[in-house]
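Peer 1: What shape does this take:
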Amino acid sequence: MLGRHTRIVGFGLVAAVVVVPTYNEAANIETLLRRIRAAAPAAHVVVVDDDSPDRTADLVAKLAVELDGIDVVRRPVKGGLGSAYRDGFATALATGADVVVQMDADLSHDPAQLPALIAAAAHADMVIGSRYIPGGHIVNWPMKRHVLSRFANAYIRAVTRVSAHDCTSGYRCWKRTALAKLPLDRFFSDGYSFLVEMLFVAHRRGCRIAEVPITFVERREGESKVSRAVLFESAITPWRLIANPETGRKASPSARQP
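Peer 2: As a prediction, the model looks like this:
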């Protein structure tokens, strides 16, 4: 439930909600929220915190008094990225938002690029902040990470036949009508592969997918959430998607997004 500081107002002519999952992001969250407010003064922000030991949620609640338009969803345990996004999206859709943005809390996603993602949603159901189209960049990655990311995206495209250049980007903007029709309660992913599953299902259901270039900056504070388990899940998820009769089922033409 949204708190007393809730307001959902227009970003231009569009009502936008930004969903940010957090776990131990106290070192970054204040900078992030202030940058979001500067870039998108009218956007509402929903922070979904998984009981961070560093008290990220308490810091968000304190900042909400000053910045307004910010709410925190406190979850009792660490439930995974996919689970956090499901709760955040449900909260965002309940506000009546026209568009819902998802982004990381570690400052790798620049809030200054929010206007471009939101504007692109006027002509697409899902907009990906892409590192791999002309104008996209990555800062502070070692060569090994570049190679791994490029391989992962090529692998996902080859298995799933999704045409997006950046299948693993977590910086995205969804049109309300498209997001509301995804069967999120039937998704099997809870880690970072949740991002791939969302993209795959949106693609199979006929959503119009666009990409805008972003500059991705590797986190400077805190610890990366990428582990061997995350990499393993990401490797098998594309095959699970094409084999799953529910998630992978195409919608009928009448069910496709306008």
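Peer 1: can you tell me the helix or strand for residue 127?
Peer 2: Counting by DSSP states H and E, the element that carries residue 127 is strand 126-130.
Peer 1: Which elements pack onto the helix or strand following that strand?
Peer 2: Downstream of strand 126-130, the next assigned helix or strand under DSSP H and E is strand 137-139. With contacts defined as 3 or more Cβ pairs under 8 Å, 6 or more residues apart in numbering; DSSP states H and E, the packing partners of strand 137-139 are strand 215-217. Using the backbone N, CA and C atoms, a C-beta is placed for each residue, glycine as well.
Peer 1: And residue 170, how far from residue 182?
Peer 2: The gap separating residue 170 from residue 182 is 16 Å, by Cβ to Cβ, to the nearest Å.
Peer 1: just to revisit the earlier point, sheet partners, orientation included, of the strand holding residue 127?
Peer 2: Strand 126-130 has its sheet partners listed here by DSSP bridges as strand 172-175 (antiparallel), strand 209-213 (parallel).
Peer 1: Identify, by residue count, the longest strand of this protein.
Peer 2: Assignment by DSSP state E gives strand 14-22 as the longest strand of the chain.
Peer 1: which helices and strands sit right next to that one?
Peer 2: helix 26-39, strand 44-49, helix 56-67, helix 81-94, strand 99-102, helix 114-120.
Peer 1: Quick one, which of these gets closest to residue 189.
Peer 2: Counting by Cβ to Cβ, residue 189 lies closest to helix 81-94 out of the helices and strands packed on strand 14-22; the figure is 5.1 Å.
Peer 1: May I see the buried residues of that closest one?
Peer 2: 81-89, 91-92 (16 or more other Cβ atoms under 10 Å).
Peer 1: for stretch 143-161, same thing?
Peer 2: Buried residues in stretch 143-161, counted by 16+ other Cβ under 10 Å: 149, 152-153, 156, 159-160.
Peer 1: thinking again about what came up before, dump the strand holding residue 127 to CSV, restricted to CA.
Peer 2: Presented in CSV, the C-alpha positions along strand 126-130 are these (Å, rounded to 0.1, in the frame of the first residue of the first chain):
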residue,chain,number,x,y,z
MET,A,126,8.1,-1.8,-24.1
VAL,A,127,11.3,0.3,-24.3
ILE,A,128,14.7,-1.1,-23.5
GLY,A,129,17.5,1.2,-22.4
SER,A,130,20.1,-0.5,-24.6
